[in-house]
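J.: Quick one: sequence plus predicted model below, questions after.
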Amino acid sequence: MTKEGATAPSALYDGALLQGDLFGERRLYAQVIVDVPAKQTNRPFDYIVPPQLQSWVAVGSRVGVPFGPRTLQGFVVGMSDRTSMDAGKLKPVEQVLDLVPPLNPELVDLARWMSRTYICHEITALQAMIPGALKAKYEKMIAFAGEETHSPAGETGRQAYMFARSPEEENIVAFVKQKGAVPAEALLRRFPDASLMLRNLLEQGILAEINSVKDRMNAKKVLYVEAAADRATMLEQAEKLGAGAKRQKELMVFFAGQPEPLPLAELTEKLNISAGSVKALAEKGWLSVQEREVYRDPYAGRQFAKTEPLPLTDQQRGAFVPISAALEEREHRVFLLHGVTGSGKTEVYLQSIQQCLDQGREAIVLVPEISLTPQMVERFKSRFGDAVAVMHSRLSQGERYDEWRKIGTKQVSVVIGARSAVFAPFTKLGLIIIDEEHEASYKQEESPKYHARDVAVQRASHQGAVVVLGSATPSLESYARTNERSADRSPFQLLTMEDRVEGRPLPAVHIVDLREELKEGNRSMFSRGLYKAIEERLHKKEQTVLLLNRRGYSTFVMCRSCGYVVQCPHCDISLTYHQVSRTMRCHYCGLSEPEPKKCPSCESEHIRYFGTGTQRVEEELGKLFPGIRVIRMDVDTTSEKGAHERLLTRFRNKQADVLLGTQMVAKGLDFPDVTLVGVIAADTVLHLPDFRAAEKTFQLLTQVAGRAGRHKLPGEVFIQTYTPDHYSIVTASHHDYASFLETELEMRRERGYPPYCDLVLITFSHEQVPMLVRAGESFAVRLKDKWKRSGAGPAPERGGLCGRGVDAPYFEVYGPVASPIPRIKDRYRFQCMVKYRGDIDVSGMIAEVAAAFDDTVRQEKLQIGIDVNPQVLM
Ligand SMILES: Nc1ncnc2c1ncn2[C@@H]1O[C@H](COP(=O)(O)OP(=O)(O)OP(=O)(O)O)[C@@H](O)[C@H]1O
Ligand SMILES: [Zn+2]
Ligand SMILES: [Zn+2]
């Protein structure tokens, strides 16, 4: 049973029961968003802040609050001395979970913005901002309800306590009383046979059951030992110890000369003594043992040699000066730094950060998870030392939590991390850098489906901070914004670095036509050119990087003789092969065709779906070059903690000739002896059913080519492909972003895709197809209706986007059609795509339509997923 009025222990009071009247002199109310992601709870609820908690509760605090029969975790999103509710009916905040609020008003606002923009519950956005360790864990606690509480039950509790009979019951009560509150589980572990007695005590009101919110992870604590007396006393007492206490004597002498506290573990190891000796001396009062909070430091013991700023090249200076000026002005600006691979973008970042720190402000650096390598971290740690916290998913939950805590306590002023580091709770943010800004991994694929780039811009505008988006291959969306003409969005400022530092040349790129190789009788996965080039590197003891892009493998059908890829006649997108039904399907319009037996273009029978893995490439390398040392880097070899780092370190130390891998070898690596890069098959991404396929191909090829010849030795690149004439491959081979951009923009304009419009993908899933079709169609109709009634005019004809001027407002709903992945876990999936342009509150409209489906969603188990500006169209 739950006791009315018994106040839960607060984390602040270390388990002691809170006391006192609910209303002190000052009335204070907290608006709280509770930990229930549902439509009914997607708004703040008012709670009374009791006087003893008033100095601890602030906007951004995590609290435990009663909600129905439960106690829930919640976030305080507002504070007020009045409430529009009936104050007499409001319940009090029970717990405050942190000494320092983990979020701040700016982040709370950001969560509201995310909730509107990405159509998600506010609690989902708030939860995304804190490390997993702080997500709520609910625990049943047993507390003493007797004389110490002033709760209504207090009196009976005390009386009942006097009637408590057995000594065992007395023991339990004494134990709970001493602890203040004990987790029910722990209590039963301590008194294994006491469940019946416990129930009695609860029923008599001596003990009370309370719900408590706990963190999943606690700060790590370590025992520290230090001398409890001065040097002379320690030595004097050491003399008095008998011969039997040799170890204790040693310890006393040691501590006589040791003014600083030492961790117990270190002490026992160093002096080879047992913890028992320490305990004995502590009991005698000569040593003191204390618990201290420590940080789990993933980089403990690592030395980072300090680096000094490099004198900037002219092009670096050209980029740095405007960034520096904006920082100086404390002006919110967004820069797009377009610098070729090896142009020295990192040094521009480092010096910009330095300036930001010199102003007493803070900086966030985002890098794609995959390129958050030790090398990258080292560059920042070496320049800024302990001021840097690192956050990525390969850290343990505890390590991540500790790195994050350093931000709140102002021990660090730079955070380098993957996507979610954009939420680092800095309050004096001056600069956010997003390296490789084109990377799809900046988009979170589960709710809240945010894009770190948009969040960064939003945060920076709020705090008057500068954003620098860096890339050798900027996304079309970002590039287009450097030419922004609409009144409601400010343009990004373009900064360009066209050359590598010290005039090092970009590598020479050879495109190899694999159809020719086959014609000449070469069935190996290595063309003759690439084979010779690898052989040469082995001879010269230089290194090779080989990229095998597995994404998209086995899904498209291609002719090995002529390179023809089966495409949808209506959509200009490759058809996807479905092995089970042996059919080819279009995921945009739903077309389905049987698998072809012969190439429709050249009649060859060498037409088949594509497939090859890194393991097979490794085997073949071994056969072709006996004794070759290969490091394979893919999901299989990097799943273990630290494996990624270990493999790269081995490669850097030249313990291997070839680094073979998936996308993870393409980014950020800077190894002086890599002079050859080979791409086994460049087409794999190209034929994904995705309007960004060409862009992704261009980016990947440019990035991986950029790994070669970055230092003294010149580099060379081989791109093997069945479509050597595709513009994304041709332009990548010439390092020609401008030409790629021109062609690709024209395609996007014609087909009506970003950056010429925005997209929202709405995915419906259900066990039955008819239900889905009905729901999808009704959704689309309602949405179109809303648009019409908004007075913005009739929806244009299909394809109308390209006919109109690129600036005219536009709105159209496509579908419903089957999703590219038509069934997941026995649920069928359909989707609608909204394309729009202009300052239209499409998120708001969709949210309203979705709300009308709430009942269906609940009753019929229909699921509706909404993805604003999706990166993945599956
Ligand atoms: N001003 C400078 N003087 C001398 N060397 C420099 C200078 N700036 C950068 N470098 C060196 O040039 C190399 C390439 O720089 P960096 O790795 O920053 O390139 P990048 O632009 O980030 O390339 P990528 O996009 O491929 O990651 C590095 O080895 C770096 O130490
Ligand atoms: Zn063919
Ligand atoms: Zn189609």
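T.: All right, it came through fine. Ligands and ions are numbered 1, 2, ... in the order given.

J.: In terms of residue numbering, what are the domains of this protein?
T.: For the chain, the structural domains run 140-214, 220-294, 314-503, 508-551+613-750, 758-868, going by automatic domain parsing.

J.: Now the helix or strand harbouring Tyr577: average pLDDT?
T.: Following DSSP states H and E, the helix or strand that holds Tyr577 is strand 576-578. Averaging pLDDT along strand 576-578 yields 70.

J.: and the helix or strand hosting Val348, is it in reach of ligand 1?
T.: Assessed by DSSP H and E, Val348 sits inside helix 345-358. Yes - interface with ligand 1: helix 345-358 contributes Lys345, Thr346, Glu347 (C-beta under 6 Å from any ligand atom). For the C-beta atoms, the positions are set from N, CA and C on the backbone; glycine is no exception.

J.: Low-confidence ranges, the stretch 251-400 of the chain, go.
T.: 296-302, 371 (pLDDT under 70).

J.: For ligand 3, what's its nearest residue on the stretch 51-200 of the chain.
T.: At 27.1 Å from ligand 3, Ile119 is the closest residue in the stretch 51-200 of the chain, using C-beta to the ion.

J.: residues near that residue, how many?
T.: 23 (other C-beta atoms under 10 Å).

J.: list the contacts for it?
T.: Ser843, Ile846, Ala847, Ala850, Ile866, Val868 (C-beta atoms under 8 Å, 6 or more residues apart in numbering).

J.: Give me the subset of those residues lying in helices.
T.: Ser843, Ile846, Ala847, Ala850 (DSSP state H).

J.: can you tell me how far the second one sits from ligand 3?
T.: In this structure, Ile846 lies at 24 Å from ligand 3, with C-beta to the ion, to the nearest Å as the measure.

J.: try the first one
T.: Using C-beta to the ion, we find Ser843 at a distance of 27 Å from ligand 3.

J.: correct me, but that residue touches Asp758?
T.: No - using C-beta atoms under 8 Å, Ser843 is not in contact with Asp758; the gap is 9.9 Å.

J.: Surely Asp193 is within a helix?
T.: No - in this structure, Asp193 is coil, not part of a helix, as judged by DSSP: H, G, I helix; E, B strand; the rest coil.

J.: Can you get me a residue count around it?
T.: Neighbour tally, Asp193, other C-beta under 10 Å: 8.

J.: Can you give me the pLDDT of it?
T.: On pLDDT, Asp193 comes in at 79.

J.: Could you do the one 5 residues further on as well?
T.: Looking at Leu198, its pLDDT reads 81.

J.: again, but for Leu431
T.: 98.

J.: Spell out the secondary structure type for it.
T.: Under three-state DSSP, the three-state class of Leu431 is strand.

J.: Alpha carbons of the stretch of helix or strand Tyr531 belongs to, in PDB - could you do that?
T.: Using DSSP H and E, Tyr531 falls within helix 528-540. Taking Å, rounded to 0.1, in the frame of the first residue of the first chain, the C-alpha atoms of helix 528-540 are listed here in PDB:
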ATOM      1  CA  ARG A 528      44.500  -5.100 -63.900                       C
ATOM      2  CA  GLY A 529      45.200  -1.500 -63.100                       C
ATOM      3  CA  LEU A 530      44.400  -1.700 -59.500                       C
ATOM      4  CA  TYR A 531      46.200  -5.100 -59.200                       C
ATOM      5  CA  LYS A 532      49.400  -3.500 -60.500                       C
ATOM      6  CA  ALA A 533      49.000  -0.500 -58.300                       C
ATOM      7  CA  ILE A 534      48.700  -2.600 -55.200                       C
ATOM      8  CA  GLU A 535      51.700  -4.700 -56.200                       C
ATOM      9  CA  GLU A 536      53.700  -1.500 -56.600                       C
ATOM     10  CA  ARG A 537      52.800  -0.300 -53.100                       C
ATOM     11  CA  LEU A 538      53.800  -3.600 -51.600                       C
ATOM     12  CA  HIS A 539      57.100  -3.200 -53.300                       C
ATOM     13  CA  LYS A 540      57.600   0.400 -52.200                       C
END
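
J.: And the helix or strand following it, what does it pack against?
T.: Using DSSP H and E, the helix or strand that follows helix 528-540 in sequence is strand 543-547. Applying 3 or more C-beta pairs under 8 Å, 6 or more residues apart in numbering; DSSP states H and E, we find strand 543-547 packed against helix 528-540, strand 658-661, strand 674-679, helix 693-705.

J.: so what does the last one touch, helix or strand wise?
T.: Think helix 693-705. Packing contacts for helix 693-705, counted by 3+ C-beta pairs under 8 Å, 6+ apart, involve strand 543-547, strand 674-679, strand 716-721, helix 727-733, helix 737-751.

J.: With respect to ligand 3, which of the ones you listed lies nearest?
T.: Taking those one by one with C-beta to the ion, helix 737-751 is closest: 11.8 Å.

J.: what about the closest one and ligand 3, touching?
T.: No - judged by C-beta under 5 Å from the ion, helix 737-751 makes no contact with ligand 3; its nearest approach is 11.8 Å.

J.: just to revisit the earlier point, make CSV from the residues of helix 345-358 next to ligand 1 and add distance to ligand 2 to it.
T.: Putting the residues of helix 345-358 next to ligand 1 into CSV (distance: C-beta to the ion, whole Å) gives the following:
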residue, distance to ligand 2
Lys345, 42
Thr346, 45
Glu347, 49
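
J.: Out of the residues you listed, who's the most crowded?
T.: Lys345 (24 neighbours).

J.: what about that residue, distance to ligand 3?
T.: Lys345 is 39 Å from ligand 3, by C-beta to the ion.

J.: ok, Gln444 touching Arg419?
T.: Yes - between Gln444 and Arg419 there is a contact under C-beta under 8 Å: 6.3 Å.

J.: what sits in contact with each of these two?
T.: Both Gln444 and Arg419 are contacted by Ala452, under the criterion C-beta under 8 Å, 6+ apart.

J.: mind checking which of the domains of the chain is nearest Thr583?
T.: Of all the domains of the chain, it is domain 758-868 that lies closest to Thr583, at 11.3 Å by C-beta to C-beta.

J.: What's the end-to-end length of the closest one?
T.: Terminal residues of domain 758-868 lie 8 Å apart, using C-alpha to C-alpha, to the nearest Å.

J.: Turn the helices and strands packed on strand 543-547 into CSV, columns for distance to ligand 2.
T.: Below are the helices and strands packed on strand 543-547 laid out as CSV (distance: least, C-beta to the ion, whole Å):
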stretch, distance to ligand 2
helix 528-540, 22
strand 658-661, 29
strand 674-679, 22
helix 693-705, 20
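
J.: winner for burial among the ones you listed?
T.: Stretch with highest mean neighbour count among the helices and strands packed on strand 543-547: strand 674-679 (a mean of 27; mean count of other C-beta atoms under 10 Å).

J.: hang on, the earlier thing: now do the helix or strand following the helix holding Val348 against helix 345-358, angle only.
T.: Sequence order places strand 362-366 as the next helix or strand after helix 345-358, per DSSP H and E. Compare the direction of strand 362-366 with that of helix 345-358 by axes from the mean of the first three to the mean of the last three C-alpha atoms, to 10 degrees and you get 160 degrees.

J.: Okay then, goodbye and thanks.
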